[in-house]
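In: the following comprises the amino acid sequence and a computationally predicted model.
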Amino acid sequence: MSACSARLFGRLRSGEISPRRLSRILVFFATLAVVTTLFPLLGAGGNSATADNRAPAPTPTVGGTSPPPAPHHRAAPASAMEPLAPMLPRTGWTVLAGDEETTGENGRAVNVLDGSAATIWHSKWLGTAAPLPHTLTVDIHRTAVVSALVYRPRTGSANGRIGEYQLHVSADGQSWGPAVATGTLADDTTTKTLSFAARGARFVRLTAVTEAGGRGPWSSAAEINLLGDPGSPASTVDLPRDGWTAVASDEETTSADNRAALVLDGSSTTLWHSKWSGTAAPLPHSITLDMKRTQTVSALTYEPRRAGANGRIGAYSVTTSIDGATFGTPVATGTWKDDDTVKGATFTRAVDARYVRLTATTEAGGRGPWSSAAEIRIAGPADPATTGSWGQVTGFPLVPVATAVLPNNKLLAWSAYAIDRFGGSNGYTQTAILDLTTGQVSQRRIDNTRHDMFCPGIAVLADGRVLVTGGSNAERASIYDPRTDAWSSTTDMNIARGYQAMTLLSTGDAFVLGGSWSGGAGGKDGEVWSPATGTWRKLSGVPVTTTMTADQAGPYRADNHQWLHATSGGRVLQLGPSKQLNWISTTGNGSVTAAGTRADSQDAMNGNAVAYDIGKLLTLGGAPAYENSDATRRAYTVDLNGGAQPVSTRTGDMAQARAFSNSVVMPDGKVAVFGGQSYPVPFSDATSTMTPEIWDPQTGTFTPMASMAVPRNYHSVANLLPDGRIFSGGGGLCGGCATNHSDGAIFTPPYLLNSDGTEKPRPAIIGTVPARVAHGATVPVTTDGAGSAFSLVRMGAATHSVDNDQRRVPLQSIRLADGSYEVRIPADPGVALPGGYMLFALDAKGVPSKARTLTIG
C-alpha cells in the first residue's frame with residue numbers, strides 16, 4: 001500500500017470522508033492507472049526522456065512487460081534460457097530486514113521467500129518513513145557456494161524499486177568485509193540478476209542505497225533468490241599438473257584404454273572410464289589426484305568425454321586430504337548438466353591439500369552405472385603479482401553492448417532501444433555513464449537523435465566526440481560530446497548499415513565499411529564522413545566484396561566487424577577478419593590494393609586486432625564463420641614497417657580458443673584478452689573461456705590471468721582505463737534469457753600488484769600537461785622521479801569484439817633533470833591519429849602511472 005492510500009483509509013477511519021466518497025476516489029485512481037499504463041501505446045510524450053532529461057526513463061512497458069521484439073530479433077538458443085548457476089532451494093531459509101512495514105500493510109521481510117510475486121517486503125513507510133539505506137539479510141542456514149542474488153521488484157506499484165545497491169556476504173553474519181557487488185538497477189519491473197564472484201557463504205545482504213525513481217525513501221522487493229555454483233570459479237588459476245598422478249576406484253582396461261591417468265594427459269580425446277566390460281562396477285565411482293605436494297586449492301574443473309555420452313557425471317562431491325588416507329567433509333557438492341560442456345566446482349572454502357578426490361554418485365543421463373572424464377584440473381587462488389586481480393562486479397541498468405572511454409574519467413555505455421533486448425528501428429537508445437571516480441552509474445534514454453544505436457560502427461573523433469553510425473536505425477549517424485554531455489544528429493549515411501566497422505583517418509575524417517546485418521545484405525561499400533561539412537562521401541573505388549570472409553551466410557555475415565588500422569595519408573590497412581589483407585586509399589573515389597594474407601591464418605570472424613606499437617599489430621582468435629564453428633587459439637603479428645607489404649607472422653598460441661573475445665593494449669605494450677567462446681554461438685554462455693590471458697611482445701607468449709566471475713561473450717566489451725586498469729563487461733541482450741549480463745568488473749593487471757594484493761608504488765606525472773598539443777610538438781613532462789619511459793594509448797570505443805580506435809604509441813623522451821623530461825609527439829598523424837590520448841609514465845619495471853589526458857592535433 002502506498003502512503004497516499006494509507007492516508008485515505010486513515011481519513012475513512014476518522015470519519016473525515018464517507019465510504020461512498022472513498023469508493024469514487026478509488027475508481028478515479030484505478031481509471032487513471034489504466035490510462036497511464038496505456039500512455040506508451042498512445043505515444044504520449046510525457047514518458048519520453050529527451051537528451052537533456054537526466055531522470056531515469058524506463059523502457060516503455062505494457063502491463064509490466066517489455067514490448068515484444070521486432071521481427072528481426074533472433075531467438076536465443078535453448079542454452080541461454082537457463083542460468084549456468086542453479087537456483088538454490090530456499091527450504092529452511094530465513095530473512096531479516098533492517099526495517100519493514102507491518103502497520104500500514106503486510107510488508108514483512110519474510111514475504112520475499114514465500115514464492116508469491118503478489119506479496120512484498122517494504123521498508124517502513126507509515127508515519128515517519130525509515131530513511132535509506134535499507135537492508136535485507138538472507139540466512140541460508142548452511143554454507144553454500146553463492147554467485148548471484150536475483151531480485152524481483154514489486155509489480156503493483158513503482159514505489160520502492162531499488163536503484164543503487166550493494167551486496168555483501170558473510171560466513172557467520174558478523175564479519176562482512178567489502179561489498180562483492182555494487183551498481184544501479186533500471187527503474188522497471190524486470191527481474192534482475194546481481195552477479196558476483198562465486199564464494200562460500202551462509203549470509204547474503206542486499207543493501208538498497210537509493211530508490212530507483214527518486215520517489216521517496218523507500219525500498220521493496222517481491223521475491224529474492226540466490227544462484228549457486230556457476231561452474232566457473234573466479235579469481236583462480238589452474239595449477240600446473242607436472243608430475244601428478246591419478247588413481248580411480250575402478251577403471252576400464254580390458255576392452256579399452258580408459259585408465260585414470262588419462263585425465264592428466266592434456267588430451268580431450270582420451271578418457272578415464274569406470275569398469276564397464278563384463279560386470280560393470282556399480283556407482284559411486286571416484287578418482288583421486290595426487291599433486292605430490294601440499295597446495296592451496298579452491299576449485300575443480302571437469303571436462304566430459306568428447307565422443308559419446310556414457311558416463312557423464314551427474315551428482316558429485318569433492319573431498320580433499322593431506323595424507324591420502326583421511327578425507328574431510330566435502331568442499332563441493334552438486335549436480336552437473338547432461339551435456340559435453342566443461343564443468344566446474346567452486347569449493348566452499350580454499351583448503352590446503354595434496355590429494356583431491358572427485359566422487360560421482362550418479363550418471364547424468366541415467367544411462368547406466370558408469371562414470372567418465374576426459375580431463376580434470378585443479379585450481380588455486382590467484383597470485384595477484386603474476387595473474388592480476390578482479391574488483392567487485394558493478395551492476396549497470398542495461399547490458400553494456402558498446403562503450404567509449406571519455407576524457408573526463410567516465411565510461412559511456414549503451415545497449416539498444418531496450419535495456420535487455422534489441423529489435424526493430426525504434427528511434428531511441430538506452431545509455432548509461434559509469435563515473436570511474438565515484439563508481440556510480442547513471443541512466444538516460446536518448447530520443448532526440450531518432451537513432452537506435454544497437455550494432456553500430458564507432459569512431460572517436462579528433463576533438464574527442466564519439467561518432468556512432470547505423471545499427472538498428474541503419475542509415476542514422478549520431479554524435480556524443482563529452483564536453484556538454486549531449487547527443488546530436490549528423491547527416492545520414494549514404495548506405496544503411498549494421499555491424500559495420502569504422503576508424504578515424506589521419507586526415508581527421510571518419511571511414512566506414514561493411515555492415516550487412518542491417519539495411520539489406522550486400523553493397524556496403526566504403527564512405528567517408530567529414531567533420532568540416534558533416535556530410536558523407538561515397539567511395540566507389542572501395543567495394544566491400546574485396547574485404548569479405550568466405551562465410552556461407554554470404555554478405556549478411558561476411559562483411560561484419562572488420563579490423564581497420566588507419567595510417568598516413570588517409571590510408572587504411574584492412575587486416576581482418578578475412579585472411580586476405582588489403583590497403584585502402586580514401587583519396588578521391590578510393591581504391592583497394594591486395595596486401596597479402598595473414599600468414600597461414602584462416603578467416604577469423606569475431607576475433608580482433610590491436611595496435612601494440614608503431615606499425616605493429618597483434619591479431620588473435622576468431623572463427624572461420626560467424627557462429628557454430630570452432631574458434632582458434634592462434635595469434636599473429638602484422639608488421640607494417642618492413643616495406644610496401646605488411647609482414648604477417650604467427651606468434652605464440654593462446655591457451656584457449658576464443659571468438660567473441662575482447663582485447664586491450666596496455667601502457668607497457670602487452671595485450672590482454674578477455675572472454676570469448678571456443679565454439680561461438682550468439683547469446684549462449686556455453687563453451688565460455690573464463691581465463692583472461694596477457695601476450696608479451698618480448699617473448700611472443702600468452703600468460704593466463706585470474707579467472708573472471710561472469711562470462712563475457714557475444715555483445716561484451718573491454719576498455720583500458722586512465723588508471724591503467726581494464727574494464728570488462730556486458731554480454732547477452734536477448735530479452736528474457738539468462739545470459740544477459742548487465743554488469744562489468746575492473747581487472748587490475750599484475751604490473752600494479754604485489755603478491756599480497758596491495759598496490760605497487762607507481763610513478764606519478766606531476767605538474768601540468770598541456771590539454772592539446774600539435775603533431776611533432778615537444779611536451780615538457782615532470783614525474784616524481786620514478787618514471788623513465790612514456791607511452792600514449794588512444795581512448796578506445798568497443799563493440800562486438802572490435803575496437804579500431806585504440807592504439808599504443810611509445811614516445812621518445814629526453815631527460816633534462818631528475819623527474820623532468822621532454823617528450824616528443826610523433827609528427828605523422830598516421831602514427832598518432834588525431835584525438836584524445838592517455839599519457840602514461842612507466843618506471844624501469846614497467847609499472848605505469850595514472851594517465852594524464854591530452855588531445856593531439
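Out: Great, that's in hand.

In: pretty sure Gly835 is one of the things Ala797 touches, is it not?
Out: No: look at Ala797 against Gly835 with Cβ atoms under 8 Å: they stay out of range, at 10.6 Å. The C-beta positions use only the backbone N, C-alpha and C, and glycine is treated the same way.

In: more neighbours: which of the two?
Out: Ala797 (27 against 22; other Cβ atoms under 10 Å).

In: what sits against the more buried one?
Out: Ala402, Thr403, Ala404, Val405, Ile458, Ala459, Val460, Val466, Asp803, Asp805 (Cβ atoms under 8 Å, 6 or more residues apart in numbering).

In: what pairs with it across the strands?
Out: Taking DSSP bridges as the rule, Ala797 bridges to Ala404.

In: which residue packs closest to the residue positioned nearest the centre of the chain, ignoring adjacent ones?
Out: What sits nearest the mean C-alpha location of the chain, by Cα atoms, centre = their mean, is Gly729, with 2.1 Å. Leaving aside its chain neighbours, Gly729 sits nearest to Gly744 (2.2 Å; criterion: Cβ to Cβ, 6 or more residues apart in numbering).

In: try Ala609
Out: Nearest one to Ala609, counting by Cβ to Cβ, 6+ apart, is Trp563 at 3.9 Å.

In: residue contacts, the one you found?
Out: Trp563 sits in contact with Ala501, Gln574, Leu575, Gly576, Pro577, Gly607, Asn608, Ala609, Thr619, Val802, Asn804, where contact means Cβ under 8 Å, 6+ apart.

In: give me that answer again for 7 Å
Out: Applying Cβ atoms under 7 Å, 6 or more residues apart in numbering, we find Trp563 in contact with Gln574, Leu575, Gly576, Pro577, Asn608, Ala609, Thr619, Val802, Asn804.

In: Leu206 too?
Out: So Leu206 contacts Thr135, Leu136, Leu149, Tyr165, Leu167 (Cβ under 7 Å, 6+ apart).

In: so it, which of the three states?
Out: Using DSSP: H, G, I helix; E, B strand; the rest coil, the secondary structure recorded for Leu206 is strand.

In: tell me the pLDDT at it?
Out: With respect to pLDDT, Leu206 scores 98.

In: could you measure from it over to Leu185?
Out: Taking Cβ to Cβ, to the nearest Å as the measure, Leu206 falls 11 Å from Leu185.

In: how many neighbours does Arg772 have?
Out: 11.

In: all helices for the protein, in order.
Out: Counting by DSSP state H, the segments of the chain that form helices are 3-14, 19-42, 384-387, 555-558.

In: list the buried residues of the third one.
Out: Burial within helix 384-387, assessed by neighbour count using 16 or more other Cβ atoms under 10 Å, is assigned to Pro384, Ala385, Thr387.

In: which residues touch the first one?
Out: By that I understand Pro384. Pro750, Leu753, Asn754, Ser755, Gly757.

In: now, which of the residues you listed sits nearest Gly177?
Out: Set against Gly177, the nearest of the contacts of Pro384 by Cβ to Cβ is Gly757 (13.2 Å).

In: got the phi and psi for that closest one?
Out: For Gly757, the backbone dihedrals are phi 90, psi -10 (criterion: degrees, to the nearest 10).

In: tally of neighbours for it?
Out: Gly757 has 12 nearby residues by other Cβ under 10 Å.

In: what sits closest to it if chain neighbours are left out?
Out: Pro384 (4.7 Å).

In: cool, Val802 as well?
Out: His561 is the one closest to Val802 (Cβ to Cβ, 6+ apart), at 4.9 Å.

In: next: Val542.
Out: Gly526 (3.3 Å).

In: model confidence for Cys4, exactly?
Out: 40.

In: where are the low-confidence patches of the stretch 451-600 of the chain?
Out: Across the stretch 451-600 of the chain, no stretch falls below the confidence threshold (pLDDT under 70).

In: my bad, should have said the chain
Out: Using pLDDT under 70, the chain drops low at 1-75.

In: let's go with 50 and repeat that
Out: Per-residue confidence for the chain (pLDDT under 50) gives these ranges: 1-73.

In: I'd like the contacts of Pro384 laid out as CSV, including distance to Ser277.
Out: Formatted as CSV, the contacts of Pro384 follow (distance: Cβ to Cβ, whole Å):
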residue, distance to Ser277
Pro750, 49
Leu753, 52
Asn754, 54
Ser755, 50
Gly757, 51
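
In: so who does Thr587 touch?
Out: Counted by Cβ under 7 Å, 6+ apart, Thr587 has contacts Gly570.

In: rerun that using 8 Å as the cut-off
Out: Gly569, Gly570.

In: same question, Gly470
Out: Counting by Cβ under 8 Å, 6+ apart, Gly470 has contacts 455-457, 476-477, 493, 496-498, 500, 512, 515, 518-519.

In: now do 6 Å
Out: Neighbour list for Gly470: Pro456, Gly457, Arg497, Gly498, Gln500, Gly515 [criterion: Cβ atoms under 6 Å, 6 or more residues apart in numbering].

In: which residue is the nearest non-sequential neighbour of it?
Out: Gly470 sits nearest to Arg497 (Cβ to Cβ, 6+ apart), 3.9 Å away.

In: need the CA coordinates for stretch 809-818. CSV is fine.
Out: Presented in CSV, the C-alpha positions along stretch 809-818 are these (Å, rounded to 0.1, in the frame of the first residue of the first chain):
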residue,chain,number,x,y,z
VAL,A,809,52.4,4.9,-29.3
PRO,A,810,55.6,4.7,-27.3
LEU,A,811,57.3,8.1,-27.1
GLN,A,812,60.8,9.3,-27.4
SER,A,813,61.9,11.4,-24.5
ILE,A,814,65.0,13.4,-23.3
ARG,A,815,65.8,13.5,-19.6
LEU,A,816,66.6,17.1,-18.5
ALA,A,817,67.0,16.6,-14.8
ASP,A,818,65.6,14.4,-12.0
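
In: relative to the whole chain's centre, how far out is it?
Out: The chain centroid and the centroid of stretch 809-818 are separated by 36 Å under Cα atoms, centre = their mean, to the nearest Å.

In: and that stretch, which residues are buried?
Out: For stretch 809-818, by 16+ other Cβ under 10 Å, it's Val809, Pro810, Leu811, Ser813.

In: TSV please, covering those residues and showing distance to Ala777.
Out: As requested, these are exported to TSV (distance: Cβ to Cβ, whole Å):
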residue	distance to Ala777
Val809	14
Pro810	16
Leu811	11
Ser813	13
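
In: Asn258: which of the residues you listed is nearest?
Out: In terms of Cβ to Cβ, no member of the buried residues of stretch 809-818 lies closer to Asn258 than Pro810, at 53.4 Å.

In: contacts only, for the closest residue to that closest one other than its chain neighbours.
Out: Spatial nearest neighbour of Pro810, chain neighbours left out: Ser791 (4.8 Å); criterion: Cβ to Cβ, 6+ apart. Counting by Cβ under 6 Å, 6+ apart, Ser791 makes contact with Pro667, Arg808, Pro810, Phe840.

In: quick check: Leu573 touching Ala566?
Out: No: the pair Leu573 / Ala566 is not scored as a contact, 8.1 Å apart, by Cβ atoms under 6 Å.

In: comparing these two, which residue is more hemmed in?
Out: Ala566 (28 against 22).

In: could I get the phi/psi values of the closest residue to Leu733 other than its chain neighbours?
Out: Once flanking residues are discounted, Leu733 sits nearest to Val399: 4.6 Å by Cβ to Cβ, 6+ apart. Torsion angles at Val399 (phi, psi; degrees, to the nearest 10) stand at phi -80, psi 120.
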